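*Asks:* got a structure for you, letters missing:
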(Lines give C-alpha, C1' and ligand atoms only; values in the text may rest on other atoms or scores of the structure.)
Protein backbone atom coordinates (compact mmCIF):
# COMPACT_ATOMS: atom_id res chain seq x y z
CA UNK A 1 0.00 0.00 0.00
CA UNK A 2 2.86 2.43 0.78
CA UNK A 3 4.33 1.90 -2.67
CA UNK A 4 0.92 2.61 -4.29
CA UNK A 5 0.68 5.95 -2.49
CA UNK A 6 4.13 7.00 -3.66
CA UNK A 7 3.28 5.91 -7.23
CA UNK A 8 -0.04 7.77 -7.16
CA UNK A 9 1.88 10.99 -6.50
CA UNK A 10 4.69 10.18 -8.98
CA UNK A 11 7.16 9.82 -6.13
CA UNK A 12 8.63 6.41 -6.95
CA UNK A 13 12.11 7.80 -6.23
CA UNK A 14 11.04 8.58 -2.65
CA UNK A 15 9.66 5.06 -2.28
CA UNK A 16 12.97 3.57 -3.47
CA UNK A 17 14.84 5.68 -0.92
CA UNK A 18 12.32 4.81 1.81
CA UNK A 19 12.65 1.09 1.12
CA UNK A 20 16.45 1.33 1.41
CA UNK A 21 16.09 3.28 4.66
CA UNK A 22 13.62 0.69 6.00
CA UNK A 23 16.02 -2.17 5.27
CA UNK A 24 18.96 -0.29 6.81
CA UNK A 25 16.90 0.66 9.86
CA UNK A 26 15.96 -2.98 10.34
CA UNK A 27 19.66 -3.99 10.20
CA UNK A 28 20.59 -1.27 12.67
CA UNK A 29 17.76 -2.27 15.00
CA UNK A 30 19.05 -5.85 15.10
CA UNK A 31 22.61 -4.62 15.64
CA UNK A 32 21.63 -2.27 18.48
CA UNK A 33 18.98 -4.46 20.16
CA UNK A 34 15.87 -2.55 19.14
CA UNK A 35 12.64 -3.68 17.49
CA UNK A 36 13.42 -4.47 13.82
CA UNK A 37 9.78 -4.38 12.70
CA UNK A 38 9.17 -0.93 14.16
CA UNK A 39 12.44 0.23 12.60
CA UNK A 40 11.39 -1.13 9.21
CA UNK A 41 7.95 0.42 9.49
CA UNK A 42 9.33 3.83 10.44
CA UNK A 43 11.84 3.65 7.59
CA UNK A 44 9.19 2.80 5.05
CA UNK A 45 6.97 5.72 6.12
CA UNK A 46 9.54 8.33 7.15
CA UNK A 47 9.32 10.29 3.89
CA UNK A 48 5.65 9.70 3.03
CA UNK A 49 5.13 13.44 3.61
CA UNK A 50 7.33 13.96 0.56
CA UNK A 51 4.26 13.40 -1.60
CA UNK A 52 3.29 16.96 -0.67
CA UNK A 53 5.24 19.43 -2.84
CA UNK A 54 7.45 21.92 -0.98
CA UNK A 55 5.35 24.87 -2.09
CA UNK A 56 2.24 23.30 -0.49
CA UNK A 57 3.71 22.01 2.76
CA UNK A 58 2.97 25.02 4.94
CA UNK A 59 -0.67 25.05 3.83
CA UNK A 60 -1.09 21.27 4.21
CA UNK A 61 0.60 21.30 7.63
CA UNK A 62 -1.74 24.04 8.81
CA UNK A 63 -4.76 22.10 7.48
CA UNK A 64 -3.55 19.05 9.42
CA UNK A 65 -3.20 21.10 12.61
CA UNK A 66 0.60 20.82 12.69
CA UNK A 67 2.31 23.57 14.65
CA UNK A 68 5.12 25.10 12.62
CA UNK A 69 8.08 27.12 13.79
CA UNK A 70 9.70 30.01 11.87
CA UNK A 71 12.50 27.81 10.48
CA UNK A 72 9.91 25.50 8.92
CA UNK A 73 8.10 28.41 7.30
CA UNK A 74 11.44 29.61 5.94
CA UNK A 75 12.51 26.16 4.67
CA UNK A 76 9.37 24.05 4.05
CA UNK A 77 11.34 20.98 2.98
CA UNK A 78 11.84 20.18 6.66
CA UNK A 79 8.08 20.04 7.27
CA UNK A 80 7.85 16.68 5.50
CA UNK A 81 8.92 14.90 8.70
CA UNK A 82 5.92 16.28 10.62
CA UNK A 83 3.54 15.62 7.71
CA UNK A 84 4.93 12.07 7.48
CA UNK A 85 4.02 11.48 11.11
CA UNK A 86 0.41 12.58 10.57
CA UNK A 87 -0.01 10.59 7.34
CA UNK A 88 1.48 7.51 9.02
CA UNK A 89 -1.07 7.75 11.79
CA UNK A 90 -4.14 8.88 9.87
CA UNK A 91 -3.70 6.96 6.61
CA UNK A 92 -1.66 3.92 7.64
CA UNK A 93 -2.99 3.34 11.16
CA UNK A 94 0.36 3.64 12.93
CA UNK A 95 -0.35 4.43 16.57
CA UNK A 96 2.89 3.40 18.24
CA UNK A 97 4.31 6.58 19.78
CA UNK A 98 7.94 5.53 19.42
CA UNK A 99 7.48 4.88 15.69
CA UNK A 100 5.62 8.14 15.14
CA UNK A 101 8.18 10.16 17.08
CA UNK A 102 11.06 8.63 15.11
CA UNK A 103 9.30 9.55 11.86
CA UNK A 104 8.62 13.07 13.12
CA UNK A 105 12.30 13.81 13.86
CA UNK A 106 14.14 11.73 11.26
CA UNK A 107 15.61 14.78 9.49
CA UNK A 108 16.59 16.88 12.50
CA UNK A 109 16.59 14.45 15.44
CA UNK A 110 15.49 16.12 18.71
CA UNK A 111 16.68 17.05 22.19
CA UNK A 112 16.26 13.74 23.98
CA UNK A 113 16.17 11.15 21.21
CA UNK A 114 15.23 7.54 21.80
CA UNK A 115 17.13 4.58 20.42
CA UNK A 116 14.48 4.23 17.73
CA UNK A 117 14.92 7.92 16.81
CA UNK A 118 18.67 7.36 16.41
CA UNK A 119 18.19 4.23 14.33
CA UNK A 120 15.91 5.92 11.79
CA UNK A 121 18.00 9.11 11.77
CA UNK A 122 21.23 7.21 11.03
CA UNK A 123 19.61 4.84 8.52
CA UNK A 124 18.30 7.87 6.61
CA UNK A 125 21.77 9.42 6.53
CA UNK A 126 23.45 6.19 5.39
CA UNK A 127 20.90 5.68 2.61
CA UNK A 128 21.34 9.17 1.23
CA UNK A 129 18.57 10.34 -1.10
CA UNK A 130 20.86 12.32 -3.42
CA UNK A 131 23.25 11.23 -6.14
CA UNK A 132 26.85 10.37 -5.40
CA UNK A 133 28.46 9.49 -2.11
CA UNK A 134 27.53 11.42 1.02
CA UNK A 135 30.49 13.61 2.01
CA UNK A 136 30.10 12.61 5.68
CA UNK A 137 29.67 8.86 5.23
CA UNK A 138 33.16 7.66 6.18
CA UNK A 139 33.12 9.53 9.49
CA UNK A 140 29.57 8.40 10.21
CA UNK A 141 30.37 4.73 9.55
CA UNK A 142 33.50 4.96 11.70
CA UNK A 143 31.41 6.50 14.50
CA UNK A 144 28.77 3.79 14.04
CA UNK A 145 31.43 1.23 15.01
CA UNK A 146 31.52 2.96 18.40
CA UNK A 147 27.74 3.39 18.86
CA UNK A 148 24.55 4.55 17.19
CA UNK A 149 24.77 7.69 19.35
CA UNK A 150 28.23 8.49 18.07
CA UNK A 151 26.97 8.03 14.52
CA UNK A 152 24.11 10.50 15.08
CA UNK A 153 26.51 12.97 16.63
CA UNK A 154 28.96 12.56 13.76
CA UNK A 155 26.34 13.64 11.24
CA UNK A 156 25.00 16.47 13.40
CA UNK A 157 28.53 17.75 14.00
CA UNK A 158 29.10 17.65 10.25
CA UNK A 159 26.06 19.92 9.81
CA UNK A 160 26.90 22.21 12.71
CA UNK A 161 30.42 22.69 11.37
CA UNK A 162 28.76 23.94 8.17
CA UNK A 163 25.78 25.74 9.67
CA UNK A 164 26.71 28.97 7.91
CA UNK A 165 25.91 27.26 4.59
CA UNK A 166 22.56 25.76 5.70
CA UNK A 167 19.31 27.49 4.76
CA UNK A 168 18.15 27.14 8.37
CA UNK A 169 19.35 25.46 11.54
CA UNK A 170 16.33 23.74 13.05
CA UNK A 171 16.05 24.14 16.85
CA UNK A 172 15.56 20.37 17.22
CA UNK A 173 18.94 19.85 15.54
CA UNK A 174 20.55 22.32 17.96
CA UNK A 175 18.89 20.52 20.89
CA UNK A 176 20.07 17.12 19.62
CA UNK A 177 23.60 18.45 19.22
CA UNK A 178 23.66 19.84 22.78
CA UNK A 179 22.15 16.68 24.24
CA UNK A 180 24.54 14.32 22.47
CA UNK A 181 27.54 16.49 23.24
CA UNK A 182 26.73 16.26 26.96
CA UNK A 183 25.93 12.54 26.91
CA UNK A 184 28.97 11.54 24.88
CA UNK A 185 31.34 13.76 26.89
CA UNK A 186 30.25 11.94 30.05
CA UNK A 187 31.23 8.63 28.43
CA UNK A 188 34.73 9.77 27.50
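*Replies:* Arrived safely, thanks for sending. Since the model is a prediction, treat every value here as computed from it, not as a measurement.
*Asks:* and the gap between the residue positioned nearest the centre of the chain and residue 164?
*Replies:* Per C-alpha atoms, centre = their mean, the C-alpha nearest to the average position across the chain is that of residue 106, at 1.6 Å. To residue 164, residue 106 is 24 Å away according to C-beta to C-beta, to the nearest Å. C-beta: built from backbone N, CA, C; applies to glycine.
*Asks:* next one: residue 184
*Replies:* Applying C-beta to C-beta, the value for residue 184 to residue 164 is 24 Å.
*Asks:* between the two, which one's more packed in?
*Replies:* More neighbours surround residue 184 than the other of residue 184 and residue 164, with 16 against 6 (other C-beta atoms under 10 Å).
*Asks:* quick one: contacts for the more buried one?
*Replies:* By C-beta atoms under 8 Å, 6 or more residues apart in numbering, the residues touching residue 184 are 149-150, 153.
*Asks:* sort out which of these are buried, if you could.
*Replies:* Buried subset of those (neighbour count, 16 or more other C-beta atoms under 10 Å): 149-150, 153.
*Asks:* count of residues packed around the nearest residue to residue 125 once chain neighbours are set aside?
*Replies:* Distances taken as C-beta to C-beta, 6 or more residues apart in numbering place residue 155 nearest to residue 125, at 4.9 Å, with adjacent residues excluded. For residue 155, the count of nearby residues is 23 (other C-beta under 10 Å).
*Asks:* likewise for residue 174?
*Replies:* Neighbours of residue 174 (other C-beta under 10 Å): 15.
*Asks:* pLDDT score assigned to it?
*Replies:* Per-residue confidence (pLDDT) for residue 174: 97.
*Asks:* going by neighbour count, list what's buried in whichever strand or helix holds it.
*Replies:* Under the criterion of DSSP states H and E, residue 174 resides in helix 171-187. Using 16+ other C-beta under 10 Å as the burial criterion, the residues of helix 171-187 that qualify are 172-173, 175-177, 179-180, 184.
*Asks:* could you dump those residues to a markdown table with distance to residue 33?
*Replies:* Listed next are the buried residues of helix 171-187 as a markdown table, based on distance: C-beta to C-beta, whole Å:
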| residue | distance to residue 33 |
| --- | --- |
| 172 | 25 |
| 173 | 26 |
| 175 | 25 |
| 176 | 21 |
| 177 | 25 |
| 179 | 21 |
| 180 | 19 |
| 184 | 19 |
